[in-house]
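Colleague: Task: produce atomic coordinates for the following.
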Amino acid sequence: MKKYIVALDQGTTSSRTVLFDEQGNICAIAQEETEQIYPNHGWVEQNPIEIYQTQLQTFKNVLKKNKVGAQSIAAIGISNQRETTILWNKKTGKPIYNAIVWQDVRTSDICKKLKKEGFEKYVKKTTGLVIDSYFSAPKIMWLLENVPNAKEQATNGELLFGTIDTWLLWNLTNGKVHATDYSNASRTMLFNIKTLEWDEELLKKMDIPKSILPQVSASSHHFGDYCFKDQNIPITGIAGDQQAALFGQACFNTGDTKNTYGTGCFLLMNTGEKPKYSKHGLLTTIAWGIDNKIYYALEGSVFIAGAAVQWLRDGLNIINSAEETENFANQVKNDNSVYVVPAFSGLGAPYWDMDARGCIFGLTRDTGKNHLIKATLESIAYRSKDIINAMQEDSKVTLTSLKVDGGACVNNYLMQFQADILNKKVERAEIIESSALGAAYLAGIGVGLWRIEDILKSRKNENEFTPNMEEAKRNKIYKTWQKAVQRSMNWEE
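Modeller: Sure, this is the predicted structure:
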């Protein structure tokens, strides 16, 4: 009988299920959007029940569409939006509040207090993270402090905490399994990434009962079973979406790096079996746990990438769709005089200036919309280079090539410029659904369907972009970019 792997790919704006065959090819995709809720300025929530129901519906739809029976599913893998936080009652299964999404900034005061108390160095050393509202711990603190009776229920052992993977797993197993994997645990700001345990000092400092936390296991592991139509389907792979994408891109060796081009960019570099700490504000995180080994990664984010292209479309109204940008950019020949610094929400690594603001430099009388479009695309590649330079310095590893995925990686102009400015080959995989593929690979390994060697052999590039720019020009335009960035900084001060 032909076997399949199902990847549940739960993202910030939609739930998706991707069906893979035994060769790792995509057979079908089903998707349903999920609502984002904005109760106050800077608050972002989702309905946990809707998250589970839409995810379950896409699973059923993908099997029905392809007439695949439950007995043909070898395993399920889960890839999820990271850091998003849910607390629920373990008897009723009902959430005590909406899911607080990773983008939510309501906990900024909690984070400022922790920083003021001098806790930042300990958090960095223990978890590899910085104190920020992005991560799960301050969200848990907010829920325990602000939801009526939450603190009392948690102390009495009546509540459970989970990121999205844990919530899906708990529901799929009818409340039998409360667990997560190392990659997701490392994003909570509560997990010691060296001892691989929930950190007692962090829990004490933040007044979070250990009883609410899930058990932590390897990313490729038999977590439990989902009983579907009287068939027990093993759930054998879990990873946070960006780590899953790193795995899906077959970045198994030290120094292997991927960039996901979405609304922002997420760059991750595999740093091997020892954590590397950054001097440039990059995050140290667990990539995955597999075969009784832990692999670590350095992570850096470009806040504004695809969002800058959306600004061209919705803010300036100079394009109708993102797809048009490649053609417009190609109409400007050998002119790198215009620079866009898309610091719409400040600058992240390696600059870390929240007072920076978006700027355009080099305007002359003959500047037209094509120059702006071209410069906006190039800004995404420049910011990615900024982070890759920091990664190479922190890891003491020289990048050989960059593996790319995400919506904007289909833009050939952007990918060629990325190769040119890095002076490295850029590899665009045949399958750019990297997060789902990574979850499928982990699940497939968990049931013995695949091995790492098989994945490396089967990975194919749809296109490779080779650098084709003179070194003198590369150095000159990047130096000008850095000058533009410096002039955009401290704008709000």
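Colleague: contacts, neighbours, all on C-alpha from now
Modeller: Will do.
Colleague: Now the longest helix seen in the chain: buried residues?
Modeller: If you go by DSSP state H, the chain has its longest helix at helix 369-395. Across helix 369-395, burial judged by 16 or more other CA atoms under 10 Å covers 370-391, 394-395.
Colleague: Could you check how far that helix is from the centre of its chain?
Modeller: Distance of helix 369-395 from the chain centroid (CA atoms, centre = their mean, to the nearest Å) equals 18 Å.
Colleague: now do stretch 119-129
Modeller: Relative to its chain's centre, stretch 119-129 lies at 20 Å (CA atoms, centre = their mean).
Colleague: For the stretch 201-350 of the chain, just list every one of the helices.
Modeller: Using DSSP state H, counting those that start in this stretch, the helices of the stretch 201-350 of the chain run over 241-248, 306-310, 325-330.
Colleague: For those helices, give me JSON lines that also has mean pLDDT, distance to Gly348 and mean neighbour count.
Modeller: Converted to JSON lines, those look like this (pLDDT from 0 to 100; distance: least, CA to CA, whole Å; neighbours: other CA atoms under 10 Å):
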{"stretch": "helix 241-248", "mean pLDDT": "94", "distance to Gly348": "18", "mean neighbour count": "28"}
{"stretch": "helix 306-310", "mean pLDDT": "85", "distance to Gly348": "15", "mean neighbour count": "21"}
{"stretch": "helix 325-330", "mean pLDDT": "91", "distance to Gly348": "25", "mean neighbour count": "18"}
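Colleague: To Thr188, which of those lies closest?
Modeller: helix 241-248 (14.3 Å; CA to CA).
Colleague: tell me which strands and helices that closest one is in contact with?
Modeller: strand 73-80, strand 257-261, strand 265-272, strand 283-290, helix 434-446 (3 or more CA pairs under 8 Å, 6 or more residues apart in numbering; DSSP states H and E).
Colleague: If we use 6 Å, what do you get?
Modeller: For helix 241-248, the helices and strands in contact under the criterion 3 or more CA pairs under 6 Å, 6 or more residues apart in numbering; DSSP states H and E are helix 434-446.
Colleague: what's next to the helix it packs on, contact-wise?
Modeller: Helix 434-446 has contacts (CA atoms under 6 Å, 6 or more residues apart in numbering) with 7, 9, 75-79, 220-221, 236-237, 241, 244-245, 247-248, 450-451.
Colleague: Is it possible to mark the buried ones in the residues you listed?
Modeller: Using 16+ other CA under 10 Å as the burial test, these include 7, 9, 75-79, 220-221, 236-237, 241, 244-245, 247-248, 450 as buried.
Colleague: Distance check, Gln55 against Arg365.
Modeller: To Arg365, Gln55 is 52 Å away according to CA to CA, to the nearest Å.
Colleague: Could you check how far the helix or strand hosting Asn475 is from the centre of its chain?
Modeller: Per DSSP states H and E, Asn475 falls inside helix 471-488. In terms of CA atoms, centre = their mean, the centre of helix 471-488 is found 28 Å from the chain centre.
Colleague: what ranges do the strands span in the stretch 151-300 of the chain?
Modeller: Ranges of strands in the stretch 151-300 of the chain, per DSSP state E, counting those that start in this stretch, are 159-162, 179-181, 191-192, 197-198, 215-217, 220-228, 231-240, 257-261, 265-272, 283-290, 293-302.
Colleague: Can you tell me what sits against the first one?
Modeller: Okay, so that is strand 159-162. Strand 159-162 is contacted from outside by Ile86, Leu87, Trp88, Asn89, Lys90, Ile212, Leu213, using CA under 6 Å, 6+ apart.
Colleague: Go again with 8 Å.
Modeller: 85-90, 140, 150, 153-154, 180, 211-214 (CA atoms under 8 Å, 6 or more residues apart in numbering).
Colleague: Please compute how far it lies from its chain's middle.
Modeller: That offset, for strand 159-162, works out to 22 Å (CA atoms, centre = their mean).
Colleague: Kindly report the same for the third one.
Modeller: Relative to the centre of its chain, strand 191-192 is centred 19 Å away, using CA atoms, centre = their mean.
Colleague: How is this protein partitioned into domains?
Modeller: By the assignment in automatic domain parsing, the chain contains the domains 4-239, 250-493.
Colleague: Which other helices and strands does whichever strand or helix holds Cys27 contact?
Modeller: Here Cys27, judged by DSSP H and E, is contained in strand 26-33. Applying 3+ CA pairs under 8 Å, 6+ apart, one finds that strand 26-33 contacts strand 14-21, helix 48-66.
Colleague: Tell me the gap between the last one and the middle of its chain.
Modeller: So the one you mean is helix 48-66. Relative to its chain's centre, helix 48-66 lies at 22 Å (CA atoms, centre = their mean).
Colleague: Going by neighbour count, list what's buried in that helix.
Modeller: For helix 48-66, the buried set under the neighbour-count rule, 16+ other CA under 10 Å, comprises 48-49, 51-63.
Colleague: Equivalent analysis for stretch 195-203, please.
Modeller: Leu196, Trp198, Asp199, Leu202, Leu203.
Colleague: what's the closest non-adjacent residue to the residue positioned nearest the centre of the chain?
Modeller: Residue closest to the mean C-alpha point of the chain, counted by CA atoms, centre = their mean, is Gln242 at 3.4 Å. Take Gln242 and drop its neighbours on the chain: the residue closest to it by CA to CA, 6 or more residues apart in numbering is Ser435, 6.6 Å away.
Colleague: Same question for Cys265.
Modeller: Nearest one to Cys265, counting by CA to CA, 6+ apart, is Val302 at 4.8 Å.
Colleague: list the contacts for that neighbour?
Modeller: Contact criterion CA under 8 Å, 6+ apart gives Gly264, Cys265, Phe266, Gly348, Ala349, Ile380, Arg383, Ser384 as the residues in contact with Val302.
Colleague: so what pLDDT did it get?
Modeller: pLDDT, Val302: 84.
Colleague: if I pick the residue nearest to Asp394 when sequence neighbours are not counted, what's in contact with it?
Modeller: Spatial nearest neighbour of Asp394, excluding adjacent residues (CA to CA, 6+ apart): Ser278 at 5.4 Å. Each residue near Ser278 by CA under 8 Å, 6+ apart is listed here: Thr284, Leu298, Met391, Asp394, Ser395.
Colleague: Enumerate every residue touching the first one.
Modeller: Read it as Thr284. Shown in contact with Thr284 (CA under 8 Å, 6+ apart): Thr127, Gly128, Leu129, Pro275, Lys276, Tyr277, Ser278, Tyr296, Ala297, Leu298, Glu299.
Colleague: now swap in the third one and tell me
Modeller: By CA under 8 Å, 6+ apart, the contact set of Met391 is Met269, Ser278, Leu282, Leu298.
Colleague: Quick check: bridge partners of the first one?
Modeller: Just to be clear, that refers to Met269. Beta-bridge partners recorded for Met269 (DSSP bridges): Thr257, Leu298.
Colleague: you'd agree it is up against Thr257?
Modeller: Yes. Between Met269 and Thr257 there is a contact at 4.2 Å, judged by CA atoms under 8 Å.
Colleague: Which one's more surrounded, the two?
Modeller: Higher neighbour count among Met269 and Thr257: Met269, with 30 against 27, using other CA atoms under 10 Å.
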